[in-house]
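J.: need coordinates for the following:
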Amino acid sequence: MGLATEVAGIAFKNPVLTASGTFGYGREAAELYDLSLLGGVMVKGVSREPWSGNPPIRIARAPGGMLNAIGLQNPGLDHFLTVDLPFLRQYDTRVIVNVVGHDEEGFLAVVRGVDGQSGVAAIELNISCPNVADGLLFSQDPDRAAGLVARVRQATSLPLIVKISPNVTDPVALGRACAEAGADSLSAINTVLGMAIDVVRRRPVIANRTGGLSGPAVKPVGLRIVYDLARSLDIPVIGMGGIESGRDALEYLMAGARAVAVGTAVFRDPLAPPRIIGELERELEAAGFASVGEAWAAANPDAKRRTQDA
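T.: Below is the predicted model of the structure:
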C-alpha cells in the first residue's frame with residue numbers, strides 16, 4: 001500500500017501527522033512508541049517569549065469532545081531551539097513548527113528564529129491569535145491575515161502552512177487571501193469556539209468564559225471546510241478535526257486533504273496516531289485504493305479538476 005504523500009513540496013512517508021497543541025513536543029509520546037512512525041509532528045505553538053497561558057479552569061468536557069482555553073502556553077523560542085528541536089531531530093519524521101504571536105513582530109521573530117534550522121520542514125502559522133493592538137484575531141479579516149502571511153512569506157524560504165479558523169463567515173475567502181499572499185498550504189480546521197455553563201456555580205466552566213471545541217463533534221465542520229477549500233483553491237490542504245480512526249482519516253483524504261492531523265484523540269488514546277496509520281492502510285485497501293494518491297479527492301472531483309486544469 002502506497003502511503004506516501006506530498007504537501008507543499010514536502011515528502012511525507014505517510015499522511016498522518018500530529019496536530020499542534022495536543023502533542024506537546026513529542027517527549028511524552030516518545031516514551032510509548034517511535035516517533036519515526038509518524039508522517040510528521042506539528043509541534044505545540046512557539047512564541048517569541050515564554051507564555052504562561054490562561055488561568056484555570058481551562059479544560060472542560062463537552063459532548064463529543066472537549067473545550068480548552070489553554071492560551072497557547074509554551075516555553076518560548078529559545079527553549080524550543082535549544083531543547084525541543086534537538087530532541088525531535090533524533091527521529092525520522094517531518095517537524096512542522098506552529099508559530100504564534102501577539103502581533104506581527106512576534107510572529108516574525110519566531111519565523112526568523114527557526115528559518116534555516118536543521119530539522120525544520122515547514123512553518124504552520126496560527127492566525128487565530130489576537131492582535132494586542134486591538135484584540136481582534138488575525139483570522140477575522142482576510143486582509144489582515146493576508147498582510148501577516150505576506151510579511152512571513154518574505155521572512156522565510158520554508159514551506160508556509162496557514163492554519164484556518166472555522167470561526168469566520170467565509171473560510172474559503174480567508175484561505176484564498178492567504179494563498180494569494182504566499183501560503184503554500186492550508187491546515188483546517190482549528191477549534192470551534194464554544195462554552196459550557198456550571199449550573200451549580202452559575203457561571204461559565206472555563207475561566208476564560210469560552211474555549212475551543214475539538215474532538216469528534218467538530219468532524220462534520222472540518223470535513224465541510226476542507227472539501228470547500230480543496231474545491232476552490234489550488235494549494236494543498238491538511239485536514240484535521242475529530243479524527244479518531246483510519247476511516248475518519250480516509251474521509252478527509254477523499255474530501256480533498258493531502259494529509260491529516262490527529263489531535264484530541266491522543267488524550268483518550270496516546271497510541272492513536274500510529275494506530276490510525278495502520279487502520280488507514282487497511283481502509284484504503286478495503287476501499288479499493290492502491291495509494292493515498294488514488295484516494296485523494298475521490299469524493300470531491302472539483303478538487304481534482306482544478307489540479308488538472310492548473
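J.: what about the stretch 201-310 of the chain, any weak spots by pLDDT?
T.: 308-310 (pLDDT under 70).
J.: for burial, what's the neighbour tally of Val83?
T.: Applying other C-beta atoms under 10 Å, we find 12 residues neighbouring Val83. C-beta: built from backbone N, CA, C; applies to glycine.
J.: over to the one 3 residues further on?
T.: Taking other C-beta under 10 Å as the neighbour definition, Pro86 ends up with a count of 12.
J.: kindly report the same for Gly288.
T.: Using other C-beta under 10 Å as the criterion, Gly288 is surrounded by 9 other residues.
J.: so what's it up against?
T.: With contact set as C-beta atoms under 8 Å, 6 or more residues apart in numbering, Gly288 has no partners.
J.: from Ala259, how far off is it?
T.: Applying C-beta to C-beta, to the nearest Å, the value for Gly288 to Ala259 is 21 Å.
J.: does Ala29 touch Pro270 like I think?
T.: Yes - at 6.3 Å, Ala29 and Pro270 qualify as touching, with contact defined as C-beta atoms under 8 Å.
J.: those two: who's more crowded?
T.: A direct count of neighbours by other C-beta under 10 Å for Ala29 and Pro270 places Ala29 higher, at 21 against 16.
J.: which strand or helix spans that one?
T.: helix 27-30 (DSSP states H and E).
J.: after that helix, which helix or strand is next?
T.: Taking DSSP H and E, what comes next after helix 27-30 is strand 40-42.
J.: number of nearby residues for Leu174?
T.: By the criterion of other C-beta under 10 Å, Leu174 has 28 neighbours.
J.: ok, now Ala196?
T.: Ala196, neighbours per other C-beta under 10 Å, totals 17.
J.: grab the nearest non-local neighbour of it.
T.: Val205 (4.1 Å; C-beta to C-beta, 6 or more residues apart in numbering).
J.: over to Ser47?
T.: Here the nearest residue to Ser47 in space, its sequence neighbours aside, is Val100; by C-beta to C-beta, 6+ apart that works out to 5.0 Å.
J.: in the stretch 1-150 of the chain, which spans are helices?
T.: Using DSSP state H, counting those that start in this stretch, the helices of the stretch 1-150 of the chain run over residues 27-30, 77-79, 85-88, 104-114, 142-155.
J.: list the helices and strands the longest one packs on?
T.: In this case it means helix 142-155. Applying 3 or more C-beta pairs under 8 Å, 6 or more residues apart in numbering; DSSP states H and E, one finds that helix 142-155 contacts helix 104-114, strand 120-126, strand 160-163, helix 171-181.
J.: relative to Gly45, which of the ones you listed is closest?
T.: strand 120-126 (5.7 Å; C-beta to C-beta).
J.: against which helices or strands is that closest one packed?
T.: Checking 3+ C-beta pairs under 8 Å, 6+ apart, strand 120-126 ends up next to strand 94-99, helix 104-114, helix 142-155, strand 160-163.
J.: contact partners of that strand?
T.: Here strand 120-126 makes contact (C-beta under 8 Å, 6+ apart) with 8, 10, 20, 40, 42, 45, 72, 85, 94-100, 107, 111, 114, 148-149, 152, 156, 158-163, 183-185, 187, 190.
J.: are any of the residues you listed buried, and which?
T.: The neighbour-count test (16 or more other C-beta atoms under 10 Å) marks 8, 10, 20, 40, 42, 45, 72, 85, 94-100, 107, 111, 114, 148-149, 152, 156, 158-163, 183-185, 187, 190 as buried among the contacts of strand 120-126.
J.: now do the contacts for His79.
T.: Taking C-beta under 8 Å, 6+ apart, we find His79 in contact with Pro50.
J.: swap that for Gly239, please
T.: 187-188, 222-223, 226, 252-253, 255-257, 259-261.
J.: mind doing that once more with 10 Å?
T.: With contact taken as C-beta atoms under 10 Å, 6 or more residues apart in numbering, Gly239 is in contact with 15, 186-189, 219, 222-223, 225-227, 229-230, 248-249, 251-253, 255-261.
J.: check Arg306 too.
T.: Here Arg306 is in contact with 230-234, 256, 297, 300 (C-beta under 10 Å, 6+ apart).
J.: next, find the distance separating it from Arg176.
T.: For Arg306 relative to Arg176 (C-beta to C-beta), the value is 13 Å.
J.: find the residues that touch each one of these two.
T.: 232-234.
J.: identify the contacts common to Ala29 and Pro270.
T.: Jointly contacting Ala29 and Pro270 under the rule C-beta under 10 Å, 6+ apart are Phe23.
J.: returning to that earlier point: so of the contacts of Arg306, which ones are in strands?
T.: Among the contacts of Arg306, DSSP state E puts none in strands.
J.: buried among the residues you listed? Need that as a selection in PyMOL.
T.: In PyMOL, a selection of the buried entries from the contacts of Arg306 looks like this (16+ other C-beta under 10 Å):
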select buried, resi 230+231+232+233+256+297+300
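J.: and the two most separated of the contacts of Arg306?
T.: Pairwise distances across these peak at 13.7 Å for Asp234 and Asn300 (criterion: C-beta to C-beta).
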